[in-house]
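Asks: Sequence first, predicted model second:
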Amino acid sequence: MAQQNIYDNEIFFKGYQGIRDNLSANELIEIPQLFKLIGDVKDLTVLDLGCGTGGHDRKLIELGAKRVVGIDLSNKMINEAKKTTKEKQIEYEVMSMEDIDMLNEKFDLVISSLAMHYVKDYDEVCKKVYKILKENGHFIFSYGHPMDSCAILEESQENFVILNNKKYFLLSDYNNEGKRVSHWFVDGVETYHRNMSHLVNGLIEAGFVLKRMEESYATDEIIKLKPKFKEQKDHSYYVYFKCKKEN
């Protein structure tokens, strides 16, 4: 079954653009932590899986990357990326992450920002990323934290309860992996929950050497800007992986 293309839903697309135009958790927490893990990209060729509107790709060129290819399943995202990108070193293509073996080149670095949890066959995509990387290349990506994604609920319900004005997340379905359907701007948004051992072992079984894993956090400075993110001081929304294709 093909990956759901929810970002071409007009209501969803406008809602998503609206949160990205404000100080979202992505802007304040996920993106800075991801780029810190990415580090030096000078003279590298980069593939961005689930590139969205191309913000990461433009930043990679700014940081010295030689060439960036951004792929996304959404026509709306790619059209927006093309409209807002002037850098000639960036190329965009409408493509599913499951189809990257169709690309006729290899890359120094593959990145993905909160897109891998939309993929039905995570293990197969990890293997395809491994094949498309040059020797000693890196795969660095962020993923919705399994603590967030595990609960199986009706679409209208939240995956937490509030006790004494604090959120406590529901973990009872943590080891029950598979599709999760939720309401985010629209009904029926599909993602895939995997526990932490699956996320790590999928990389190892693809051939990667895991170099670093980090979990997200909110600093005091971030909480001052957005007090509602205080819950992320003791609860991670995202997890990051940095792995290498070694000789």
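Replies: It's in.

Asks: Who are the packing partners of the helix or strand hosting residue 76?
Replies: Assigned by DSSP states H and E, residue 76 falls within helix 75-84. Under the contact definition 3 or more CB pairs under 8 Å, 6 or more residues apart in numbering; DSSP states H and E, helix 75-84 sits against helix 10-20, strand 67-72, strand 90-94. For the C-beta atoms, the positions are set from N, CA and C on the backbone; glycine is no exception.

Asks: Go again with 7 Å.
Replies: Packed against helix 75-84 by the contact rule (3 or more CB pairs under 7 Å, 6 or more residues apart in numbering; DSSP states H and E) you find strand 90-94.

Asks: Just the buried residues of the strand it packs on, please?
Replies: 90, 92 (16 or more other CB atoms under 10 Å).

Asks: For it, which strands pair with it and how are they oriented?
Replies: strand 67-72 (parallel) (DSSP bridges).

Asks: which stretches of the chain form helices?
Replies: 10-20, 25, 31-38, 55-62, 75-84, 122-132, 146-149, 196-206, 220-225 (DSSP state H).

Asks: Just the C-alphas of the fifth one, formatted as CSV.
Replies: As requested, C-alpha coordinates have been extracted for helix 75-84 and formatted as CSV (Å, rounded to 0.1, in the frame of the first residue of the first chain):
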residue,chain,number,x,y,z
ASN,A,75,3.1,18.2,-5.1
LYS,A,76,2.0,21.2,-3.0
MET,A,77,5.2,21.0,-0.9
ILE,A,78,7.5,20.7,-3.9
ASN,A,79,5.7,23.5,-5.8
GLU,A,80,6.1,25.8,-2.8
ALA,A,81,9.8,24.7,-2.5
LYS,A,82,10.5,25.6,-6.1
LYS,A,83,8.7,29.0,-5.7
THR,A,84,10.8,30.0,-2.7
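
Asks: what's the offset of that helix from the middle of its chain?
Replies: Centre-to-centre, helix 75-84 and its host chain are 18 Å apart (CA atoms, centre = their mean, to the nearest Å).

Asks: returning to that earlier point: for the helix holding residue 76, which residues meet the burial criterion?
Replies: By 16+ other CB under 10 Å, the buried positions in helix 75-84 come out as 76-78, 80-81.

Asks: Tell me which residues of the longest strand seen in the chain come out buried.
Replies: Under DSSP state E, the strand in the chain containing the largest number of residues is strand 133-144. Using 16+ other CB under 10 Å as the test for burial, strand 133-144 gives 133, 137-144.

Asks: Of those residues, which is the nearest to residue 63?
Replies: Nearest to residue 63, judged by CB to CB, of the buried residues of strand 133-144 is residue 140 at 13.4 Å.

Asks: Quickly note the distance from the closest one to residue 147.
Replies: When distance is defined by CB to CB, to the nearest Å, residue 140 is 21 Å away from residue 147.

Asks: got it, and residue 197?
Replies: 14 Å.

Asks: follow-up on the earlier one: which one of the buried residues of helix 75-84 sits closest to residue 201?
Replies: Closest to residue 201, out of all of the buried residues of helix 75-84 and judged by CB to CB, is residue 77, at 30.3 Å.

Asks: Now that closest one: closest residue in space, sequence neighbours ignored.
Replies: residue 52 (5.0 Å; CB to CB, 6 or more residues apart in numbering).

Asks: mean confidence for stretch 117-126?
Replies: For stretch 117-126, the mean pLDDT works out to 94.
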